[in-house]
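Enquirer: requesting a structural model of the entry that follows:
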Amino acid sequence: MNDTHLQQARSLVRQAAEQLTEDDQALTAASADALVVGRAARVDDLRLAVLAAWSAGASREELARDAGVKMGLIGDWIAANDLSQALARPGHRHPS
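Expert: Numbers count the residues shown, from 1 in each chain. Below is the predicted model:
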């Protein structure tokens, strides 16, 4: 991928992390249900941005720094995505 695409993808990770932080403060003041649902949605936005930036060529270290999370979480998101893609491939057979 080109450098411009990579930089844009990393910028989206930083924006998603900022949005999570900003929304978390507002959601904390709301009901418990709003907090749980809202936080889950923002974390999922961040996860998707991280996966897009990973696909664009960002390193795990860059992603952890941009997202403001530990590298282990980045690794978990990447591994879960890889597994779900493998399971979705045509011809994949689930063991009986």
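
Enquirer: who's in contact with the residue most central in space within the chain?
Expert: The residue lying closest to the centre of the chain (CA atoms, centre = their mean) is R47, at 1.1 Å. Counting by CB atoms under 8 Å, 6 or more residues apart in numbering, R47 touches W77. Where C-beta positions appear, they are placed from N, C-alpha and C, glycine not excepted.

Enquirer: that one: which element?
Expert: helix 32-56 (DSSP states H and E).

Enquirer: so which elements touch the helix or strand following that helix?
Expert: Under the assignment DSSP H and E, the closest C-terminal helix or strand after helix 32-56 is helix 60-67. Helix 60-67 sits against helix 3-29, helix 32-56, helix 71-88, with contacts defined as 3 or more CB pairs under 8 Å, 6 or more residues apart in numbering; DSSP states H and E.

Enquirer: so which of those is the most packed in?
Expert: Across the helices and strands packed on helix 60-67, averaging neighbours per residue (mean count of other CB atoms under 10 Å) puts helix 32-56 on top, at a mean of 17.

Enquirer: check the offset of it from the chain's centre.
Expert: Averaging C-alpha positions (CA atoms, centre = their mean, to the nearest Å) puts helix 32-56 6 Å from its chain's average.
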